[in-house]
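**Student:** here is a sequence together with a model predicted from it:
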Amino acid sequence: MEILKELLKGNRRAAAKLISLVEDDFTQAEIFLKQIYPYTGQAIVIGITGPPGVGKSTITDRLTKNLRKQGTKVGIIAIDPTSPFTGGALLGDRIRMQDLSADPEVFIRSMGTRGFLGGLSKATQATIKILDAMGKEVIFVETVGVGQAEVDIVRVADMVLLITMPGMGDDIQIIKAGIMEIGDVFVVNKADRDGCERLITEIEMMLALKPETKWKPPVLKTIATSGTGIKDVEETIFHYISYLKDSGGLERKRKESTRKEIIDLLREKWGILFNQYIKKDFLEEVITRVIQRKEDPYTVVNRLSDILIKSYKQGEKDYDQ
Amino acid sequence: MEEKKIRVLIAKPGLDGHDRGAKVVARALRDAGMEVIYTGLRQTPKQIVETAIQEDVDVIGLSILSGAHTHLFPEILKLLKENQIEDMIVIGGGVIPEEDIPELKKAGIVEIFTPGTDTRDIINLIKEKIKK
């Protein structure tokens, strides 16, 4: 378990190798993830989301630079889409973060979604833990450029920074369900463009219609390329984090995200077991019988579940011996 | 289920500002099912190696048109060695005179692709060298 020792010391190569293992072979990675779990839960996880091209990477870059001035160790997970057609991906978020790659206390990992919907990749949650265990204090998770329904970031991050910019559409876009519901802090980037003030008013009106909560998501202005407004964003983020800590909100959020994670892992596990234990021919047979109306799908599912449970128990026994 | 993917870093060391070629290659590798990390222009050898470590790539593709390849390519290989990285291959491309190629290969660059290369040759070489 040399690699774990190295990871806990902050070794970048160990972290990078473990992340690859998580992406390529989750079952193998589990062995390590079990070991590092006790060392996680320290870092603050900040989700950065918004439509493509609004400036997520640039804002992440600027925020990271500010944090580095205070000595904070930063991890960044930058997710870009994987082609559903070829399985390939062009991961280009680093272009906006060039200066950061020379800083040994910043660890950036680019990821393709690899068929995972929701704006993240399947390996995201485990990668957060790896960065956390290696000693990163703040972890930014930059989602793919999202449309309207990619809201998974809410369940893995302690807070969500929702970035948008003028000229993305009319006010109906803002009151649609989905993405606009998940921001804890809103940022209107490229604020020197026409329509900025109107957009801010529209977002504020949308927020005013929400049920009254103690935290009113602020709407901030930035011009990320020049750094304008970034300090304000940084202060607001940490103001919100301390509010979360004091109000018990952080604990609540993390409980919810742990609940979600356990359920997801369980589903995943049963999926794997299904592929492992239900023989293809047998499944074909069952399908034929269902089509012929000799059996119904509901009874069949119960029967398959019984087989899975029995096989799983048998498998555990084999493992013990 | 998970699938192992070939990860490639396409990097532009040195000071020239032309990345048309790098982008064409990046795009071709993407279409061949690889995960391509593109870092943009004007990277130092240190930045490139650090990025390769963090991204845990299988291949580093260096694109250069400035003429500084005989200096910058070996520098990158040296840094890889210093970091005890033995599981990545380095390939190069760009405007590189024929007579410089043997020296670069001797230094450890697996292959050099000059203008006019069919992108399929690059894909084939990577797939042959990196078995996943």
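**Tutor:** Okay, I see it. Here the structure is a predicted model, which is why all the values come from computation and not from measurement.
**Student:** any regions of the chain where pLDDT drops low?
**Tutor:** In the absence of a named chain, this looks at chain A. Counting by pLDDT under 70, chain A has low-confidence residues at A:148-149, A:170-177, A:316-321.
**Student:** my bad, the chain I had in mind was chain B
**Tutor:** Chain B contains residues with pLDDT under 70 at B:1-3.
**Student:** residues of it that sit close to chain A?
**Tutor:** Neighbours of chain A within chain B, by C-beta under 8 Å from any C-beta of the partner chain: B:1-5, B:7, B:26-27, B:29-40, B:42-44, B:46-47, B:50-51, B:53-56, B:83, B:85. From N, CA and C alone the C-beta is placed, and that goes for glycine too.
**Student:** looking at those residues, which are in helices?
**Tutor:** Among those, the members found in helices (DSSP state H) are B:A26, B:R27, B:L29, B:R30, B:D31, B:K46, B:Q47, B:E50, B:T51, B:I53, B:Q54, B:E55.
**Student:** the fifth one - how many residues pack around it?
**Tutor:** To tie it back to what came earlier, the one meant is B:D31. 17 (other C-beta atoms under 10 Å in any protein chain shown).
**Student:** one more: the last one?
**Tutor:** As a burial measure, B:E55 scores 25 neighbours (other C-beta under 10 Å).
**Student:** give me every residue that touches it.
**Tutor:** For B:E55, the contact set (C-beta atoms under 8 Å, 6 or more residues apart in numbering or on different chains) comprises A:A16, A:I108, A:R109, A:S110, B:R7, B:L9, B:I37.
**Student:** out of the residues you listed, which sit inside strands?
**Tutor:** Among these, the members falling in strands (DSSP state E) are A:I108, A:R109, A:S110, B:R7, B:L9, B:I37.
**Student:** so how do I select the buried members of those in ChimeraX?
**Tutor:** Of the ones in strands among the contacts of B:E55, the buried ones can be selected in ChimeraX as follows, counting by 16 or more other C-beta atoms under 10 Å in any protein chain shown:
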select /A:108,109,110 /B:7,9,37
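**Student:** could you save the ones in strands among the contacts of B:E55 as JSON lines and add columns showing distance to A:G248?
**Tutor:** Putting the ones in strands among the contacts of B:E55 into JSON lines (distance: C-beta to C-beta, whole Å) gives the following:
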{"residue": "A:I108", "distance to A:G248": "32"}
{"residue": "A:R109", "distance to A:G248": "31"}
{"residue": "A:S110", "distance to A:G248": "35"}
{"residue": "B:R7", "distance to A:G248": "41"}
{"residue": "B:L9", "distance to A:G248": "43"}
{"residue": "B:I37", "distance to A:G248": "40"}
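**Student:** show me the two of the ones in strands among the contacts of B:E55 that sit farthest apart.
**Tutor:** Spatial extent of the ones in strands among the contacts of B:E55 (C-beta to C-beta) is set by the pair A:I108 and B:R7 at 13.8 Å.
**Student:** which residues of chain A fall in helices?
**Tutor:** A:2-8, A:12-24, A:26-36, A:56-69, A:124-133, A:153-156, A:171-175, A:196-208, A:230-247, A:249-277, A:280-291, A:297-320.
**Student:** looking at those helices, which is closest to chain B?
**Tutor:** Between chain B and those, the tightest spacing by C-beta to the nearest C-beta is seen for helix A:12-24, at 3.9 Å.
**Student:** return the list of helices and strands in contact with that closest one.
**Tutor:** Packing partners of helix A:12-24 (3 or more C-beta pairs under 8 Å, 6 or more residues apart in numbering or on different chains; DSSP states H and E): helix A:2-8, helix A:26-36, strand A:106-112, helix A:124-133, helix B:45-55.
**Student:** and the contacts of it?
**Tutor:** Residues contacting helix A:12-24 (C-beta under 8 Å, 6+ apart): A:3-4, A:6-7, A:28-29, A:32-33, A:104, A:107, A:109, A:111, A:114, A:121, A:123, A:126-127, A:130-131, A:134, B:2-5, B:7, B:50, B:53-56, B:83, B:85.
**Student:** any chance of a ChimeraX selection covering the buried ones in those residues?
**Tutor:** Buried residues within those, by 16+ other C-beta under 10 Å, are selected in ChimeraX with:
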select /A:3,4,6,7,29,32,33,107,109,111,114,121,123,126,127,130,131,134 /B:2,5,7,50,53,54,55,56,85
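**Student:** fine by me, we can end here.
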